[in-house]
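**Q** Starting from these lines, generate the structure:
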Amino acid sequence: MSLSGSETESLASRRSKKPKYSKFTQQELPACKPLLTPGIVISPSLPQLLRYHIVINHLGLGLETDRQCIAQVIGAFSLIGIVFVPIGLASLSASQAVVEIIDRYDAECVSANDKVGFIQDTKTDKACTRTITVPKPMKGPVHIYYQLENFYQNHRRYVKSRSDKQLRYKDSANLIKICEPEGTSVNGAPIVPCGLIAWSLFNDTYAFSVNKKAIEVNKKNIAWDSDKSSKFGSDVYPTNFQKGGLIGGGKLDEKMPLSEQEDLIVWMRTAALPTFRKLYGRIETDIRASDEITVVIQNNYNTYSFGGTKALVLSTTSWIGGRNNFIGVAYVAIGGICLFLALGFVVLFVVKPRTLGDPAYLSWNKEALDHPN
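**A** You can find the predicted model right below:
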């Protein structure tokens with residue numbers, strides 16, 4: 001049986017994998033290819049874009065547009081530099097005005113060679129006295145922090161080991177599934193608050209005296225108000241805490257609701273980095289230069305098992321908070337770079353100007369010049 005020519009072509013077209021021809025599939029639709037000069041790029045609206053495009057391509061006014069664009073770029077960089085550099089210098093000045101004292105005590109406050117055994121022995125007196133001489137006047141309130149290093153509070157399993165509903169609601173004490181291995185006590189009763197974060201609560205204590213005169217540490221309002229009101233219940237009390245199968249950190253007052261136990265609230269706001277500080281309290285009085293601060297430390301917290309360190313930090317504050325040079329350095333660096341770029345654009349524009357918007361640079365105009373009739 002023979003096939004006609006048209007039938008053969010139809011059968012071949014059905015068997016072929018070649019796509020059906022269309023201008024869309026072959027990307028042959030009409031397209032606009034504008035000349036992206038600075039005047040067009042910085043144009044804030046479509047009408048202005050079209051207006052610049054017409055002016056540049058048909059009236060030959062590209063040079064003037066380029067001058068305006070470069071002037072705007074120079075002005076923008078100069079403005080950023082002029083604003084950022086003073087802010088950075090002010091931030092650096094405020095940071096340098098902060099008086100900060102850091103006293104690492106984890107090594108000096110252990111008298112035994114077996115540090116882990118010493119810290120785990122409940123019968124050993126772990127009191128340690130440190131003397132600090134104040135280098136500069138410290139205007140109250142003086143903030144007291146404890147600083148830990150090599151402690152990864154951002155570990156995924158550690159961060160998830162808590163029950164937010166249990167912390168907030170009295171009727172949710174049994175929601176302990178995600179708190180293992182610190183979910184139940186040795187008797188099988190639920191632990192409140194459960195989880196590894198609460199279980200590892202920091203429990204070193206500090207008692208201060210200035211020139212042998214005892215001073216009180218204010219431990220009120222050291223936690224965020226939003227945490228106290230929204231994350232920890234005023235009718236939720238600790239039960240069976242630190243009565244599990246593992247030896248943990250600090251203990252809690254079972255007669256005080258969680259919303260008032262601010263040391264716990266501060267601790268449970270986990271840190272993002274392995275070196276962090278947490279607020280312990282405040283000294284509300286001023287401390288003069290050359291005063292001697294005596295600190296009696298109860299060295300209870302076990303950082304020796306994982307190679308961590310502990311330090312006591314005393315710090316004043318400024319309008320940007322504690323000492324932090326990074327903000328000031330960043331502002332000065334960015335402002336300086338912008339001023340340098342502005343100066344560079346000025347030099348280039350004066351020494352070697354360019355007519356980027358000249359229609360003579362268009363491809364079809366160049367071809368006409370290269371191939372005259």
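**Q** pLDDT-wise, which helix or strand of this protein ranks last?
**A** helix 46-54 (a mean of 45; mean pLDDT, DSSP states H and E).
**Q** so after that helix, what's the next helix or strand?
**A** Using DSSP states H and E, the helix or strand that follows helix 46-54 towards the C-terminus is helix 62-97.
**Q** which strands and helices sit next to that next one?
**A** With contacts taken as 3 or more CB pairs under 8 Å, 6 or more residues apart in numbering; DSSP states H and E, helix 62-97 sits against helix 38-41, helix 325-351. In short, each C-beta sits where N, CA and C put it, glycine included.
**Q** could you redo those helices as a markdown table and give each row mean neighbour count?
**A** Shown next, in a markdown table, are those (neighbours: other CB atoms under 10 Å):
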| stretch | mean neighbour count |
| --- | --- |
| helix 38-41 | 19 |
| helix 325-351 | 15 |
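**Q** For residue 113, which of these is the nearest?
**A** helix 325-351 (38.9 Å; CB to CB).
**Q** What about the closest residue to residue 239 other than its chain neighbours, how many residues nearby?
**A** Spatial nearest neighbour of residue 239, chain neighbours left out: residue 192 (4.7 Å); criterion: CB to CB, 6 or more residues apart in numbering. By the criterion of other CB atoms under 10 Å, residue 192 has 24 neighbours.
**Q** ok, residue 192 touching residue 238?
**A** Yes. Shown here, residue 192 and residue 238 form a contact pair, counting by CB atoms under 8 Å, at 5.7 Å.
**Q** Helices of the protein, residue ranges please.
**A** 5-15, 38-41, 46-54, 62-97, 115-120, 156-160, 164-168, 196-199, 225-230, 262-268, 325-351, 363-370 (DSSP state H).
**Q** looking at those, which has the lowest confidence?
**A** For those, mean pLDDT drops lowest on helix 46-54, to a mean of 45.
**Q** Quick check, central residue of this structure?
**A** residue 272 (7.9 Å; CA atoms, centre = their mean).
**Q** and stretch 167-175, how far out from the chain's middle?
**A** On the basis of CA atoms, centre = their mean, to the nearest Å, stretch 167-175 is displaced by 31 Å from the centre of the chain it belongs to.
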